[in-house]
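Predicted model, plus sequence, below.
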Amino acid sequence: MLGSLLSALKASELRTKLLYTLGMIFIFRLGAHVPVPGVNSERFAELVSSGAIFGFFDVISGGALKNFSIFAMSITPYINASIIMQLLTVVIPHLERLAKEGDEGRKKITQYTRYLTVVLAFVQGLGMVIGVGGALQNPSPVTYLMTAITITAGTTFLMWTGEQITEKGIGNGISLLIFAGIVSRVPEGLIRIIEYLNVGTINILSIVLLVIIGGLVIAGVVMVQEGQRRIPVQYAKRVVGRRVYGGQTTHLPLRVNQAGVIPVIFASSLLMFPETLVQWFSNSAFSAFYVRWLGWGTVAHTIIYALLIIGFTYFYTAVIMNPADVADNIKKYGGFIPGLRPGRPTAEYISRVMNKITLFGAVFLAFVAILPNFVLLATNIPNIYFGGTALLIVVGVALDTMKQVESHMLMRSYQGFIK
């Protein structure tokens, strides 16, 4: 592992990408500690600690929310905007045509997503500021407006940072920012567990049980993320001039979890939006009803969360992989699945297989995401924000990033991490 890392640093292009990515992550972590002027950070930290949903998103933002820094909302509005644009792409014909126009069309959709991100960030930021108005030192309409604009600018900067990492660095920039935020909270979580142990709130058996559950979850995530259903594909022989092409048997790899950790991030971000809106009416009967019956940690919220993850898994899988297109590509190059006719029968077969394996992957994602509720009952360790969802994101992003580094190293004949 160490030798492979040293080999990666020897390749100038890969070294530049790694250093650029680390530099951008350092800027993100630095900004997470730059407070917004005019906010009582201690009072706001108390408000964040009172709600589990805010505690979870404080983990994702790497403590920026609890500190009420310029990155308090992290890139949550960008994720919400991406969800909305992907849904609109299916509904609006103009956006559907843009999605099929290649790079130029995708650039247009990306531009629309950026504009929508700014709008959502301002609405969500304004709702957050109004909801926690007691944490402002001098509450006034001007203060509300300026604070909302400040954290909106922070989200916009993070959106740009993530895009720059994707373009010039290694890995998916948005996912890496979330990864960095979660990992940065691990030391604080460990210190909190040690404090609980010292005061007698928990015992050593609870910690051992937590470690065992964490290890099993990580192993399960890796197995599901790497799991594939390989469909055999036979290519017929073709004679081009004096050369013979094809005639070999290969396979079509269908991953058990095509969508990765995106459904979990989507579902978490979507449920964050109504929580923010409720802050507008914090003293109303509607707010009390929502917190009691639909708030974070309730039975209804857990069920909705799980169903959203399953739904987004199917939706995102359908977006990134169209069985009809795959069948057409196989047919175009003279291939066929043994026992099936090319074209529509092949597409229907691939669709059936994908639906079956995606169901397993979606249910697994939902189970791991709601696992902290059951871990709390088993271990009696309070405030486990670094739970199933965080582990899914961390392990998934780490695997994807490692694969990108692996591909760069293999292109230069270096031995990779995966042996």
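The structure has been received and is ready for your questions.

Secondary structure element holding L158?
L158 belongs to helix 141-168 when assigned by DSSP states H and E.

Let me know the average pLDDT across that helix.
Across helix 141-168, the average pLDDT comes to 89.

before we move on, what about stretch 101-115?
Mean predicted lDDT for stretch 101-115 stands at 85.

just to revisit the earlier point, run through the neighbouring helices and strands of the helix holding L158.
helix 12-31, helix 76-91, helix 103-131, helix 173-184 (3 or more Cβ pairs under 8 Å, 6 or more residues apart in numbering; DSSP states H and E). For the C-beta atoms, the positions are set from N, CA and C on the backbone; glycine is no exception.

Out of those, which one sits most buried?
Counting by mean count of other Cβ atoms under 10 Å, helix 173-184 has the highest mean neighbour count of those, with a mean of 23.

just checking, next helix/strand downstream of it?
Beyond helix 173-184 toward the C-terminal end (DSSP H and E), the next one is helix 186-199.

and that next one, what does it pack onto?
Counting by 3+ Cβ pairs under 8 Å, 6+ apart, helix 186-199 packs on helix 204-226.

Outside of the helix it packs on itself, which residues are in contact with it?
Contacts to helix 204-226, defined as Cβ atoms under 8 Å, 6 or more residues apart in numbering, come from residues 193, 197, 255-257, 260, 360-361, 364-365, 368, 371, 375, 378-381, 384, 388, 391-392, 395-396, 399.

cutoff 7 Å now
193, 197, 256-257, 361, 364, 368, 371, 375, 378-381, 388, 391-392, 395-396, 399 (Cβ atoms under 7 Å, 6 or more residues apart in numbering).

cool, stretch 102-114 as well?
81-82, 85, 89, 95, 98-99, 159.

Which entry within those corresponds to the minimum pLDDT?
A99 (78).

tell me the contacts of that one?
By Cβ under 7 Å, 6+ apart, the neighbours of A99 are 89, 105-106, 109.

in this protein, which helix or strand is least confident?
Within the chain, no helix or strand scores below helix 52-60, which has a mean of 55 by mean pLDDT, DSSP states H and E.

that older thread, among the contacts of helix 204-226, name the buried ones.
Buried by 16 or more other Cβ atoms under 10 Å: 193, 256-257, 361, 364, 368, 371, 375, 379, 381, 388, 391-392, 395-396, 399, out of the contacts of helix 204-226.

Tell me which two in those residues are the farthest apart.
Greatest spatial distance among the buried ones among the contacts of helix 204-226 (Cβ to Cβ): I193 and V256, at 32.3 Å.

re the thing from before, tell me which of the helices and strands packed on helix 141-168 approaches I320 most closely.
helix 76-91 (10.2 Å).

which is the next helix or strand following the closest one?
Downstream of helix 76-91 (by DSSP H and E), the next one is helix 93-99.

Can you show me the CA trace of that following helix as PDB?
This file holds the C-alpha atoms of helix 93-99, laid out as PDB (Å, rounded to 0.1, in the frame of the first residue of the first chain):
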ATOM      1  CA  PRO A  93     -38.900  17.900 -23.200                       C
ATOM      2  CA  HIS A  94     -36.500  20.800 -23.700                       C
ATOM      3  CA  LEU A  95     -34.300  19.500 -20.900                       C
ATOM      4  CA  GLU A  96     -34.500  16.000 -22.100                       C
ATOM      5  CA  ARG A  97     -33.300  17.100 -25.600                       C
ATOM      6  CA  LEU A  98     -30.400  19.000 -23.900                       C
ATOM      7  CA  ALA A  99     -29.400  15.800 -22.000                       C
END
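
List the buried residues of that helix.
95, 98-99.

Looking at these, which one is closest to N138?
L95 (43.4 Å).

residues touching the closest one, list them.
88-89, 109.

List the buried residues for the helix or strand encompassing L377?
For L377, the host element (DSSP H and E) is helix 344-379. Buried residues in helix 344-379, counting neighbours by 16+ other Cβ under 10 Å, are found at 346-347, 349-351, 354, 357-358, 361-362, 364-366, 368-373, 375, 379.

what packs against it?
helix 204-226, strand 228-235, strand 249-255, helix 262-278, helix 299-320, helix 323-332, helix 388-411 (3 or more Cβ pairs under 7 Å, 6 or more residues apart in numbering; DSSP states H and E).

Tell me which of those sits most buried.
Comparing the helices and strands packed on helix 344-379 by mean count of other Cβ under 10 Å gives helix 262-278 as most buried, with a mean of 21.

how far does the helix or strand that it is followed by sit from the chain's center?
The helix or strand immediately downstream of helix 262-278 is helix 285-289, counting by DSSP H and E. Relative to the centre of its chain, helix 285-289 is centred 30 Å away, using Cα atoms, centre = their mean, to the nearest Å.

Return helix 285-289 as CSV; C-alpha atoms alone will do.
Provided in CSV are the C-alpha atoms of helix 285-289 (Å, rounded to 0.1, in the frame of the first residue of the first chain):
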residue,chain,number,x,y,z
ALA,A,285,-49.0,24.2,15.8
PHE,A,286,-47.8,22.9,12.5
SER,A,287,-44.2,23.0,13.6
ALA,A,288,-45.0,21.1,16.8
PHE,A,289,-47.0,18.5,14.8
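
Quick one: mean pLDDT over that helix.
If you average the pLDDT values across helix 285-289, you get 75.

Please report how far the closest residue to N203 other than its chain neighbours lies from F179.
Setting aside the residues directly before and after it, N203 is nearest to L197 in space (Cβ to Cβ, 6 or more residues apart in numbering), at 7.4 Å. Noted for L197: a distance of 28 Å to F179, by Cβ to Cβ, to the nearest Å.

swap in A362?
22 Å.

just for this structure, where's the confidence low?
Applying pLDDT under 70 to the chain flags the ranges 1-9, 11, 40-67, 131-135, 237-247, 273, 276-277, 279-282, 382-388, 411-419.

Could you list the domains of the chain?
The chain breaks down by automatic domain parsing into domains covering 1-184+415-419, 203-386.

What is the distance between the last one and the centre of its chain?
It refers to domain 203-386. That offset, for domain 203-386, works out to 12 Å (Cα atoms, centre = their mean).
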